[in-house]
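[1] Pasting a predicted model and its sequence here:
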Amino acid sequence: MDNHQITVTSPLLPPLEEFIPYLQDIWKRKWITNNGHYHQALERALCEYLGVEYISVFTNGTLPLITALQALRVTGEVITTPYSFVATTHSLWWNGIKPVFVDVDPATGNLDPNKIEAAITPKTTAIMPVHVYGNPCDMDAIQAIADKYGLKVIYDAAHAFGVKVNGESILKAGDISTLSFHATKTYNTIEGGALICHDEKTKQRIDYLKNFGFAGETEVVAPGINSKMDEVRAAYGLLNLRHVDSAIEERHKVANRYREALSNVNGIRMFDERPDVTYNYSYFPIFIDSNKYGMTRDELYFKMRDHNVLGRRYFYPLISDFSTYRGLPSAGSANLPVATRMAEEVICLPMHHNLTDTDVTKIINLIKK
Ligand SMILES: *Cc1c(COP(=O)(O)O)cnc(C)c1O
């Protein structure tokens, strides 16, 4: 058996020789953080690439979530999804907000709009959905509910870099969307993230909040935090932006091979692709129905691992099943049957720009048995 490990992801690293001139320029400028040249350049470049008007870059993808809630003065209860990475719910906790979990739609893995209204109470102030795996949420339905009840909408769009519906960025939905540029994501700045808002005043307030609340040399307008991106990572991000399209193309090819090879395997479900959506192929989840497939998800997961194919059980356990959150009234499988089943059935297959045809063939053959 070969020892080559096939990992679930692999960071998009720009060619080192292309990065050196950026470093030389930063050293020459002697300005390494605090809204420097590359920080500003990256924000402009991201606005253009993503097709949005206002973006603020951060040191990671968790702080923009925490900051978004601060900026919109969200309090009380927030309706959110249990089927995500734990940072989504943590951002509520860090603001003293009570998470209220609502079940997801099996067709997308996203918050089911039909179940949101029943979870609204007089304390509800916002909805925090996630475009999980980059699958767009039902943004119109969510906005209609938010408008009816006077709620804010903050999208955790950590997986949705560059995703569009009918050619429009989904980052335009809601009041604020956030991105993660972590090493494991489709586009990375090593660690990093961003917040997208839709007007100048909010952008200004976000920029205060990510810099201790400073609104000038001697004025502090809020108990802000420090989450500014430094120049080295901003420059790296600027360079990586030139390489991300070809990386997404490589991912698309892998996704096509998986889809073609696995669509007729009994007991394996995958998400349908919508013709109106431009995907970023950030993840390739499959769902194992053990009765039909003849093996449980965990049996397949460990079999793959024995063959050096490291899939990941994203998102298992559900956020609402972690000790921190399982005591909440909205946690538990009775309230969250769809999410519970998805968490029990999911494996994310290796998905990145460095997978070879041989790697993909090996993975497919393992799953087909
Ligand atoms: C990665 C991720 C985050 C957190 O981003 P970091 O950059 O790692 O802080 C938040 N939400 C979701 C859904 C994620 O996948």
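    Arrived safely.
[2] Now for Thr9: which residues touch it?
    For Thr9, the contact set (Cβ atoms under 8 Å, 6 or more residues apart in numbering) comprises 184, 350-352. Heads up, the C-betas are built off the backbone N, CA and C, glycines and all.
[3] repeat that with 10 Å
    182-186, 188, 282-283, 310, 312, 348, 350-355 (Cβ atoms under 10 Å, 6 or more residues apart in numbering).
[4] And it, how close does it get to the ligand?
    Taking Cβ to the nearest ligand atom, to the nearest Å as the measure, Thr9 falls 11 Å from the ligand.
[5] ok so, going back, what subset of the contacts of Thr9 is buried?
    182, 185-186, 188, 282-283, 312, 348, 350-355 (16 or more other Cβ atoms under 10 Å).
[6] ok, of those, which one's closest to Gly162?
    For the buried ones among the contacts of Thr9, the closest approach to Gly162 (Cβ to Cβ) belongs to Thr186, at 7.4 Å.
[7] Wait, a helix at that closest one?
    No: using DSSP: H, G, I helix; E, B strand; the rest coil, the assignment for Thr186 is coil, not a helix.
[8] My guess is it contacts Met351. True?
    Yes: contact criterion Cβ atoms under 10 Å: Thr186 and Met351 qualify, at 9.3 Å.
[9] Show me whatever sits in contact with both of those two.
    Contact criterion Cβ under 10 Å, 6+ apart; residues shared by Thr186 and Met351: 9, 251, 281-283.
[10] Dump those into CSV; add secondary structure as well.
    Output for the shared contacts of Thr186 and Met351, formatted as CSV (three-state DSSP):
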residue, secondary structure
Thr9, coil
Arg251, helix
Tyr281, coil
Ser282, coil
Tyr283, coil
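[11] So which residues on the stretch 51-200 of the chain come close to the ligand?
    Within the stretch 51-200 of the chain, the residues that sit near the ligand (Cβ under 6 Å from any ligand atom) are 60-62, 84-85, 87-88, 130, 156, 158-159, 180, 182, 193.
[12] Now, the residues you listed that are in strands?
    By the criterion of DSSP state E, membership of those in strands covers 156, 180, 193.
[13] Measure how buried the first one is and give me the count.
    Using other Cβ atoms under 10 Å, Asp156 is surrounded by 29 other residues.
[14] Kindly state the pLDDT recorded for it?
    Among the per-residue scores, Asp156 holds a pLDDT of 98.
[15] Setting aside sequence neighbours, what's the nearest residue to it?
    Val130 (4.4 Å; Cβ to Cβ, 6 or more residues apart in numbering).
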